[in-house]
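1. show me how the following folds:
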Amino acid sequence: MKKGEPALLAKVNETLLAMDKAGEINQIWDKWLGPSTEFKMTRTDKVAPLSQLKFTPLP
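-> Now for the predicted structure:
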């Protein structure tokens, strides 16, 4: 997402938080990456506002 898009950023954060609270992210995770898949991964991270995440810009 492009910098300087506060309305879009707020909507993305709101949507991800709502999906996490409703359990939708866990369902998607389990379907594609969870214990019953070949990847056998467990989701331990929780949704955080994108502004709290640290990214290294690509060159």
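2. buried residues in stretch 8-26?
-> By 16 or more other CB atoms under 10 Å, the buried positions in stretch 8-26 come out as Leu9, Asn13, Leu16, Ile25. All C-beta spots, glycine's among them, are computed from the backbone N, C-alpha and C.
3. for Tyr11, give its distance to Thr56.
-> Careful, residue 11 is Lys; it's not Tyr. Counting by CB to CB, to the nearest Å, the gap from Lys11 to Thr56 is 25 Å.
4. go on, Lys40?
-> Computed with CB to CB, the distance linking Lys40 and Thr56 is 28 Å.
5. which one of the two is surrounded by more residues?
-> Counted by other CB atoms under 10 Å, Lys40 and Thr56 do not tie: Lys40 has more neighbours, with 9 against 5.
6. what about the closest residue in space to the more buried one that isn't next to it in sequence, neighbour count?
-> Nearest residue to Lys40, sequence neighbours excluded (CB to CB, 6 or more residues apart in numbering): Gly34, at 7.7 Å. Residues near Gly34, counting by other CB under 10 Å, number 16.
7. verify the stated contact: Gly34 with Met41.
-> Yes - using CB atoms under 8 Å, Gly34 is in contact with Met41, at 6.5 Å.
8. next helix or strand past the lengthiest helix in the chain?
-> Counting residues, the longest helix in the chain under DSSP state H turns out to be helix 6-21. Where DSSP states H and E defines the elements, the next helix or strand beyond helix 6-21 is helix 24-32.
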